[in-house]
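In: I would like the atomic coordinates for the input below:
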Amino acid sequence: MADDALDDFTVRDVTIGSTTRRVYSQGSGPAVIVIAEMPGISPKVADFARKVAARGLTAVMPSLFGVDGRDPHPSNLGRIGAVQNMVGTIARACISREFTVLATGKTSPIADWLRGLAAEEHERCGGPGVGAVGMCFTGGFALAMAIDDRLLAPVLSQPSLPFGIIPSRNRKIDLSAADLARVRSRCAAGLQVMGLRFEGDRLSPGNRFDHLREQLGDAFIAVELPDSAANPDSLLPTPHSVLTEDLIDEPGQPTHDTRERVLDFFVEKLVTAAG
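Out: Here you go, the predicted model:
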């Protein structure tokens with residue numbers, strides 16, 4: 001692929017509190033916040049947002065880091081350029097006060113901004129509530145947003161924080177105890193949470209999904225795919241990005257069918273339920 005101009009999206013600056021960020025949107029109907037993975041809003045993240053919009057929803061992509069529309073693959077940037085792009089973006093995020101990268105039992109401060117965005121988009125787009133999908137570095141953000149009753153369809157795609165430097169971190173997710181208790185209470189009342197990962201993914205380890213099963217019970221819908229289902233032309237050495245870089249976009253392929261299941265989940269919670 002090549003860089004994506006994103007010129008089919010409406011672009012605006014959104015201020016929540018004292019922080020202003022660029023936001024891309026497309027479609028109509030209830031909003032789904034599409035939170036990009038590292039190193040930012042890539043062409044494949046944008047393509048997923050377009051799929052959301054094609055389902056009768058409003059796809060909303062906030063720019064949190066990286067260069068919007070840049071294709072991170074070595075075929076576009078060269079091998080050295082791709083590594084520099086990825087490592088540089090992660091390094092800047094790691095030192096930012098908005099992201100909790102290593103600490104356990106803490107919610108990243110950026111979640112407050114995302115909840116504010118979701119509230120504004122709910123008012124702007126209507127419907128019974130809002131959906132959200134986080135990916136990789138941002139996977140847990142969708143769960144943090146679910147402390148707000150307006151978030152009706154959270155999807156955690158390969159949630160990778162906190163980074164598993166020591167094994168005990170693998171059973172944690174970047175959420176405070178109070179926020180987790182709130183989500184757990186909502187799940188007991190009917191909220192469902194979907195999670196996606198490849199079985200061999202060490203960045204999003206299986207123990208993290210075990211933890212979510214223990215905490216959320218049957219409300220946690222876990223989709224764990226075999227590594228063999230991933231696109232062989234992957235950006236990383238091992239499969240990781242279920243909805244984007246490792247997707248094989250052909251009917252019958254496990255990653256394609258998983259993406260369709262995610263889209264169905266959004267429609268069920270935000271469109272069908274309203275009807």
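
In: which ones are touching Leu156?
Out: Under the criterion of Cβ atoms under 8 Å, 6 or more residues apart in numbering, the contact list for Leu156 reads 133-134, 139-140, 142-143, 193-196, 212. Quick note: C-beta positions are derived from backbone N, CA and C, even for glycine.

In: export those to CSV and tack on neighbour count, secondary structure and distance to Gly206?
Out: Formatted as CSV, those follow (neighbours: other Cβ atoms under 10 Å; DSSP: H, G, I helix; E, B strand; the rest coil; distance: Cβ to Cβ, whole Å):
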residue, neighbour count, secondary structure, distance to Gly206
Val133, 30, strand, 20
Gly134, 29, strand, 18
Gly139, 27, coil, 14
Gly140, 26, coil, 16
Ala142, 28, helix, 19
Leu143, 29, helix, 17
Val193, 22, strand, 17
Met194, 22, strand, 16
Gly195, 26, strand, 11
Leu196, 28, strand, 13
Leu212, 24, helix, 11
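
In: Among those, give me the pair with the biggest separation.
Out: Spanning the widest gap among these are Val133 and Leu212, at 15.5 Å by Cβ to Cβ.

In: For Leu156, list each beta-bridge partner.
Out: Taking DSSP bridges, one finds Gly134, Gly195 as the beta-bridge partners of Leu156.

In: OK, contacts around the most centrally placed residue in the chain?
Out: When Cα atoms, centre = their mean is applied to the chain, the residue found nearest the centroid is Gly134 (1.2 Å). Contacts for Gly134 were tallied using Cβ under 8 Å, 6+ apart; they are 35, 140-143, 155-157, 159.

In: let's go with 7 Å and repeat that
Out: 35, 140-142, 156-157, 159 (Cβ atoms under 7 Å, 6 or more residues apart in numbering).

In: Phe266 too?
Out: Taking Cβ under 7 Å, 6+ apart as the test, what Phe266 contacts is 32, 52, 55, 57, 131, 153.

In: Go again with 8 Å.
Out: 32, 52, 55, 57, 131, 153, 155.

In: Then Thr19?
Out: By Cβ under 8 Å, 6+ apart, the contact list for Thr19 reads Trp113.

In: What are the phi and psi values at it?
Out: phi -110, psi 130 (degrees, to the nearest 10).

In: Specify the beta-bridge partners of it.
Out: Ile16.

In: gap between it and Val242?
Out: For Thr19, the distance to Val242 equals 29 Å [Cβ to Cβ, to the nearest Å].

In: Can you list the low-confidence ranges for the stretch 101-250 of the chain?
Out: Applying pLDDT under 70 to the stretch 101-250 of the chain flags the ranges 101-106, 163-171.

In: do that again at 80, thanks
Out: The model of the stretch 101-250 of the chain has pLDDT under 80 over residues 101-108, 162-172, 174, 234-237.

In: all helices in it, in order from the N-terminus.
Out: Per DSSP state H, counting those that start in this stretch, the stretch 101-250 of the chain carries helices over the ranges 110-125, 141-145, 177-188, 206-216.

In: Need the winner for burial among these.
Out: helix 141-145 (a mean of 29; mean count of other Cβ atoms under 10 Å).

In: Report how many residues lie close to Asn231.
Out: Asn231: 16 surrounding residues under other Cβ atoms under 10 Å.

In: wait, I meant Ile173
Out: 26.

In: so who does the closest residue to it other than its chain neighbours touch?
Out: Nearest residue to Ile173 in three dimensions, chain neighbours excluded: Gly140, at 4.9 Å (Cβ to Cβ, 6 or more residues apart in numbering). Contacts for Gly140 (Cβ under 8 Å, 6+ apart) come out as 108, 134, 156, 159, 161, 173-175.
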